[in-house]
Structures are given as C-alpha cells and as structure tokens.
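Student: Sequence and predicted structure, then a few things I'm wondering about:
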Amino acid sequence: MSKTNLQSKVDYDSHPTEIVKPGVLSSEVGIQQLREKIPRHCFKPSYVTSFYYLFRDIFFAITLGLLAFYGIRRLPSVYIRAVVWALYGYSQGLVLTGLWVLGHECGHMTLSPSRTLNDAVGFILHSSLLTPYFSWKSTHRRHHIYANNLDKDHNYVPPTRTAYIASLIFSAQRLEELTEDSPFVILIRIMLQQLLGFPWYLLTNITAAQGSLHQKQSDSFLGNSHFLPTSTLFRPEEASLVIMSDLGTAAMAFVLWYCSSTLGLPVMLLYVQPWLWVNHWIVAITYLHHTHPNLPKYDNEVWTFLRGATPTMDRNFGWTGRYFFHNIIDYHVIHHLFPRIPFYHAEEATEAIIPLLGKYYHCDRSSSFLFGIWIAFTKCQWVEPDRVDVEPKDRVMWYRGGPSPPPETSMGRKGWKF
C-alpha cells in the first residue's frame, strides 16, 4: 500500500472521481473502471424490494412489542419474566438496529429513487430512535467523502504518536516498552464505549478530526454537537435542517414520556432496553469498519478518495447480519466506494469488483465480532508512518497498540473519553 500513487479530485457536492496510475491494482483502475464491473441494476433501488424490508422490520418490531407487553406479564415467576424481558430487549434491539440501518439507507438516497420519500422515511425512522436525521446525514456524508483522512474524517480518528504520548498519564519516553491494559480495564472501556458511545458522539462529535468542522472548534458543551443549529459541524444554511432534526427527536421523547406517565406503559423495558442495544450495535459496526491493524490511515496531503474508501473491513456476521442488519457489516467496502448501491445489491456488487481490487479488498470472515472489538481496543490505539525515510506525500499511517489513554469527554482529546 505504501507504494500506491493515487490521484483524485473530491467535490463536496458530487461523487469524487478517481484515477489510479498503472501498477497499483491489476490494471489502470479507477472509480469508473470499478463501476463498469458492477451490473447496472445494482445501482437502481426498487420500491418493492426496499419497502418489503421496511414493512417487514416494522411488523417484527410491533409484533415483538405486543407479545412482550401482553405476554410477559402473564408469566408466573419474576425470574422467568426477567429472563424473557432480557431476551426481548436483545431481539427487539436487532430489529430496531435494522430499522436504523434502513434510515441510514435513506440518508444515502438508496431506499427509493425519490429524494423526498427517502428523507421522509429516514426522518421518521431515525427520529423514532432518537437520532437527529438531517444532522447525522450531513456529518455521515462527510465521513464517506473523507473516510480514513486523519485531518477530516468524522469517525474514530486515532491520534498520532505525539498526541498519543501527550495523552498518557505516565512517562512515555520508551513507548515501545509500554504494555497493554489489563483485561479488566479493557473490558470496562469497551462497555463504556458500547453503552454511551453513540449518544456521546451526537452530543460532542468526540471521535472526529478537528478538520471535519466547518468552523473553529467550540469549547462549549454543545458547540460541536449534532443538536445545535449553530454547531461547528454545520454550514449556516443547514440550521433549519438541524432544527427539524431536533424537533423530530424531541417529539419522540415526548411520546415516550406520555406513554410512560399517562398510559402507564413500561417504557424502560419496551423501548429503552432495546434502544441501548441499538446504540451498542451502531458503535460496534462503525468502529470495526475502519479499525483493524491491517487497515491504513492517511494524512490529508497523502489521502485520496480511493485510498480512503478501500481500507474498510468486510466482516462475517452470519444470518443476523444479512437478515436483520441488511448487509451493513458483511459488505461495507462496496458501500464506501459506491454509497448509492442499495444494500440488497451489495453482495453481487462486491463479488464483481473483488478481482479488480485484489489484495486491496479487506475482509475478515473468520474472526468473531467480539474478538474483533478486543483486537481493535488492544492493537489500534494510535498511528504512525510505515516509513520515516520517505517523503510525507508517500507515507502511510498504521495502527499501533499500547495502553489506553485517559478517557475523554470532548473532541480534541481533552478530558475523559468514553
């Protein structure tokens, strides 16, 4: 990878074009060459197929909720009820995560050919799961444009060697001699990230690079959040969409309050419990897409669109990933290369471009998902160049392991990170 020489032009309002010089892949390959290998129908969303999955997931969610509400209370033992409620939370969490993924598809305009319909459905789905749809859509789109760019990406941007050393609470003159944290500490950190990671990202933009902002980084609590119309994340013309997103999440919060206080529904068990599982899956999926010892990162002067899009890891999540999560785990490389391909065509499109990508297609079909999280936490703490004797424009950044720095609570690696 360090020998690649990729040239690209990136336009914020259009899909980047890419030219790759001979010798990088199997031939002179770029976005257009990859696109030509993919059957044309893979780029076309189908109303029938998309809404089949949408209504199927909604049916599952309503059915599980009704069975839990009317059935669990009839069980004779409090212990049995506790176990069944826990099973319900996990199962409903899978279904609701699938609905969140369909909202994500709407954000990429792939649920239907209609932009208005995509935004309407995405707004309802994400608002119902307390995600600010238009605000998230804006920052997620920039993640796709600048994936794996250490200066501009929005998701899980690791520190460099200097920043990593500065964040440690003990002397680090001999960084290579430092050992990893104890398994107990790692487990606690994983639990904190999986429980609080997504809402904290929405509130603080914690995992993003400072170059991802449209304005100078703010020191106020919500200054870099997805909920403030004047947030550093957004352009002034996006303020109305941020307000609309806030109204959507506020409306859902009101519905939950009304159901709990007036109707007497067990909202904590029926909604909050599976919602926490949704947060877990969103964080885990996003984290493992781009966090692996074999996936490079790039400084801005080295980065190109194709360099940033291909270091994405496809993983095997079995029947659950295909049936409930709509292939977002199993086929994510193709999603970064061509985000307008609907999820139900992702497998076919992936198989079409693998011969062209060759060794630049990253896939882990053998490791378990939980093991992948453990590896990411222990082997991917910071990044450094593969070689220091080459020009900065030719450097590739690779993950390195080490102890966890103190947790942070805001972007810019200040305070306590979850």
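Tutor: Yep, it's here. Numbering: from 1, shown residues only.

Student: got any ranges where the stretch 51-200 of the chain has weak pLDDT?
Tutor: Scanning the stretch 51-200 of the chain for pLDDT under 70 picks out 169-181.

Student: residues in contact with residue 283?
Tutor: Residues in contact with residue 283 (C-beta atoms under 8 Å, 6 or more residues apart in numbering) are 193, 194, 197, 198. Every residue, glycine included, has its C-beta placed from N, CA and C.

Student: Which of those residues sits closest to residue 144?
Tutor: residue 198 (17.7 Å; C-beta to C-beta).

Student: And the helix or strand the closest one falls within, what's buried?
Tutor: Here residue 198, judged by DSSP states H and E, is contained in helix 183-204. By 16 or more other C-beta atoms under 10 Å, the buried positions in helix 183-204 come out as 186, 189-190, 193-194, 197-204.

Student: C-terminal to that helix, what's the next element?
Tutor: Going down the chain from helix 183-204, the next helix or strand is helix 239-261, by DSSP H and E.

Student: hmm, who's touching that next one?
Tutor: Taking C-beta under 8 Å, 6+ apart as the rule, helix 239-261 contacts 123-124, 126-136, 138, 226-231, 234, 265-268, 271.

Student: Just the buried residues from those, in ChimeraX please.
Tutor: Those of those that count as buried under 16+ other C-beta under 10 Å are selected in ChimeraX with:
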select :123,124,126,127,128,129,130,131,132,133,134,135,136,138,226,227,228,229,231,234,265,266,267,271
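
Student: Narrow the contacts of helix 239-261 to those in helices?
Tutor: Counting by DSSP state H, those place 123, 124, 126, 127, 128, 133, 134, 135, 136, 138, 267 in helices.

Student: From the buried residues of helix 183-204, pick the one nearest residue 71.
Tutor: Nearest member of those to residue 71, counting by C-beta to C-beta, is residue 194, at 28.6 Å.

Student: Could you find the closest non-adjacent residue to the closest one?
Tutor: Distance criterion C-beta to C-beta, 6 or more residues apart in numbering; nearest residue to residue 194, sequence neighbours excluded, is residue 280 at 4.5 Å.

Student: ok, back up a step: give the other helices and strands that the helix holding residue 198 contacts.
Tutor: Applying 3 or more C-beta pairs under 8 Å, 6 or more residues apart in numbering; DSSP states H and E, one finds that helix 183-204 contacts helix 273-290, helix 369-379.

Student: looking at those, which is buried most?
Tutor: helix 273-290 (a mean of 22; mean count of other C-beta atoms under 10 Å).

Student: Following element in sequence after that helix, please.
Tutor: Toward the C-terminus, helix 273-290 is succeeded by helix 305-309 as the next helix or strand (DSSP H and E).

Student: And that next one, what does it pack against?
Tutor: Applying 3+ C-beta pairs under 8 Å, 6+ apart, we find helix 305-309 packed against strand 6-9, strand 17-20, helix 333-337.

Student: related to what we said a few turns ago, format the helices and strands packed on helix 183-204 as CSV; extra columns: distance to residue 56.
Tutor: Shown next, in CSV, are the helices and strands packed on helix 183-204 (distance: least, C-beta to C-beta, whole Å):
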stretch, distance to residue 56
helix 273-290, 17
helix 369-379, 23
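
Student: Same list (the ones you listed) but as CSV, adding mean pLDDT and distance to residue 100.
Tutor: Shown next, in CSV, are these (pLDDT from 0 to 100; distance: least, C-beta to C-beta, whole Å):
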stretch, mean pLDDT, distance to residue 100
helix 273-290, 95, 6
helix 369-379, 88, 17
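
Student: Any idea which of those helices gets closest to residue 36?
Tutor: Among the helices and strands packed on helix 183-204, helix 273-290 sits nearest to residue 36 (C-beta to C-beta), with 25.5 Å.

Student: Using CSV, write down the CA coordinates of the closest one.
Tutor: Coordinates of each C-alpha in helix 273-290 appear next as CSV, following Å, rounded to 0.1, in the frame of the first residue of the first chain:
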residue,chain,number,x,y,z
GLN,A,273,-33.7,-1.5,26.8
PRO,A,274,-33.7,-2.4,23.1
TRP,A,275,-32.6,1.2,22.3
LEU,A,276,-29.4,0.6,24.3
TRP,A,277,-28.8,-2.4,22.2
VAL,A,278,-29.2,-0.3,19.1
ASN,A,279,-26.6,2.1,20.4
HIS,A,280,-24.3,-0.8,21.0
TRP,A,281,-24.7,-2.2,17.5
ILE,A,282,-24.2,1.2,15.8
VAL,A,283,-21.0,1.9,17.7
ALA,A,284,-19.6,-1.7,17.2
ILE,A,285,-20.4,-1.7,13.5
THR,A,286,-19.0,1.7,12.8
TYR,A,287,-15.9,1.1,15.0
LEU,A,288,-15.0,-2.2,13.3
HIS,A,289,-15.5,-0.9,9.8
HIS,A,290,-12.3,1.1,9.9
